[in-house]
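Novice: Could you look at this predicted model? Sequence included:
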Amino acid sequence: MIIIRFSDDEAKRRALGYLAGRFSFKSWATGEMMLPEQALPYLAVQGVRFEVEGPAKYEHFSPLRDSHPVAV
């Protein structure tokens, strides 16, 4: 999995529309998106502009956890 960032909101919307149903991905409000490297050529052929941030790190795969205990 790799992290990419889009040049603008329109590029992100186009990418979301193309990727849905074709590849698994995760998108954040920060503008980053995690997707398989195999999806990058497909986005490029569609003319979607993006920048590669690098490989996904552990933090991208795991959900954020609240460190405070919960009363039961």
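Specialist: Now that the structure is in, tell me what you want to look at. Numbering: from 1, shown residues only.
Novice: Dihedrals phi and psi, G47?
Specialist: phi 80, psi 20 (degrees, to the nearest 10).
Novice: and it, how many residues sit next to it?
Specialist: 8 (other Cβ atoms under 10 Å). C-betas here are computed from N, CA, C, even on glycine.
Novice: The one 4 residues further on now?
Specialist: Other residues within reach of E51 by the criterion other Cβ under 10 Å amount to 10.
Novice: hang on, it is in a strand, isn't it?
Specialist: Yes. Counting by DSSP: H, G, I helix; E, B strand; the rest coil, E51 is found in a strand.
Novice: ok, how many other residues are close to L19?
Specialist: By other Cβ under 10 Å, neighbour count at L19 equals 20.
Novice: That one - nearest residue in space that isn't next to it in sequence?
Specialist: F25 (5.2 Å; Cβ to Cβ, 6 or more residues apart in numbering).
Novice: what separates the one you found from V52, distance-wise?
Specialist: 14 Å (Cβ to Cβ, to the nearest Å).
Novice: And the two? Which one has more around it.
Specialist: F25 (16 against 11).
Novice: Touching, the more buried one and E32? I think so.
Specialist: No. If you go by Cβ atoms under 8 Å, F25 and E32 don't touch, sitting 10.7 Å apart.
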